[in-house]
Each structure stands twice: as structure tokens, then as C-alpha cells.
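[1] need a 3D model of the following:
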Amino acid sequence: MRSSRPVDFLAYRPHGRLVAAIEVSRKTGSTPDWAAEVRDAVMGSNELGDVPYFVLVAADRIYIWGVGSPAGAPPSHVAETSTALEWYFRRAGVDAAAIHGLAFETLVGWWLSDLTSGEPKAQADAVAESGLQSALEGSQINHQDAA
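    Model prediction:
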């Protein structure tokens, strides 16, 4: 039997369609290969089906896979976390390298919430280029509790 741990966040369109699964990790020194392994492990242990977007927000980089990315594929877009979430780190009064655990996850939740409403401060080039930003506009972000 497969052990399943929920992803940190799920984004749903108003009509209930799942549009994105978002995982948060405090790992630094992340690489696209590591990110692909994490994505495959998370998606393999959950019954999410063909989710259009998978996002892995690591402490140093944000990795995005778009529609139709097969298992094992490298991320289609990569952004620096400190740049993409700069406004949020400043607002929280914490350095990107110093934030820990649940506080980082909460900060990512604020960012995702702002992406759903099209807030300019939430926009980052790689996120916009990936199509994720448009896909999340008007979506509902649900934080998943660990079992």
C-alpha cells in the first residue's frame, strides 16, 4: 500500500477543477534534478490525476511544471525564490535565508493567495511565462493538513 502525504496546497478553479498542486520545501542548494525527483515522489504518492500545474517552492528556487509534463521531466520554468517572493520576505521582516518551517509555508500561502487575485506584487516573470499566474487567477487555494 502506498503511503500518501498531502501536498501543501491545492488550487481549484471556481467550478471545482484542480488546476495546481504546490509543495513547499525549506531545502537550499536545490537542483532541477532534485526537484524532478520530489515531484515524481509527491505525484506518485497522491491520487491527483493529471493536475495541469505542479509547483515546488524550495528555499532557493521555485520550480514549475506545466500542462502535460511527463514523469521525470525537468521543470519547464525556474525562478529564484528570494526574487519572486521579495515583497513577502520584506513584509514579514525576515531574510529569505532565515525563515523557517511553517512561517515559510505561510508566506508561500500569502503569495499564492495574491496570485489568485492578480496582485502585481505577486507577479514574477517565470511564473507569468509558465502560464501558472493566469491559471491561478480566480482560483481557490486550499492548504492541506498533514495527516
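[2] what's in contact with the top helix by length along the chain?
    Scanning the chain for the longest helix, with DSSP state H as the assignment, gives helix 101-116. For helix 101-116, the external contacting residues (CB atoms under 8 Å, 6 or more residues apart in numbering) are 8-9, 11, 22, 24, 26, 57, 59, 84-85, 88-89, 92, 94, 99, 121-123, 127, 132-133, 136-141, 143. For every residue, glycine as well, the C-beta is placed using N, CA and C.
[3] what about those, which are in strands?
    Those of the contacts of helix 101-116 mapping onto strands are 9, 11, 22, 24, 57, 140-141, 143, per DSSP state E.
[4] and the helices in the chain?
    Under DSSP H, the chain gives helices at 32-44, 81-84, 86-92, 101-116, 125-130, 132-136.
[5] got TSV for those, with mean neighbour count, mean pLDDT and distance to G16 too?
    Putting the helices of the chain into TSV (neighbours: other CB atoms under 10 Å; pLDDT from 0 to 100; distance: least, CB to CB, whole Å) gives the following:
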stretch	mean neighbour count	mean pLDDT	distance to G16
helix 32-44	16	92	20
helix 81-84	18	92	28
helix 86-92	16	92	28
helix 101-116	18	93	15
helix 125-130	17	85	23
helix 132-136	21	91	15
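[6] which one of those lies closest to R17?
    R17 lies closest to helix 132-136 among those, at 10.4 Å (CB to CB).
[7] show residues contacting that closest one.
    In contact with helix 132-136 (CB under 8 Å, 6+ apart) are residues 11, 19-20, 52-53, 55, 64, 66, 77, 112, 115-116, 122-123, 127-128.
[8] try stretch 43-53
    Residues outside stretch 43-53 that contact it (CB under 8 Å, 6+ apart) are 2-7, 10-11, 18-21, 54, 64-67, 71, 130-132, 135.
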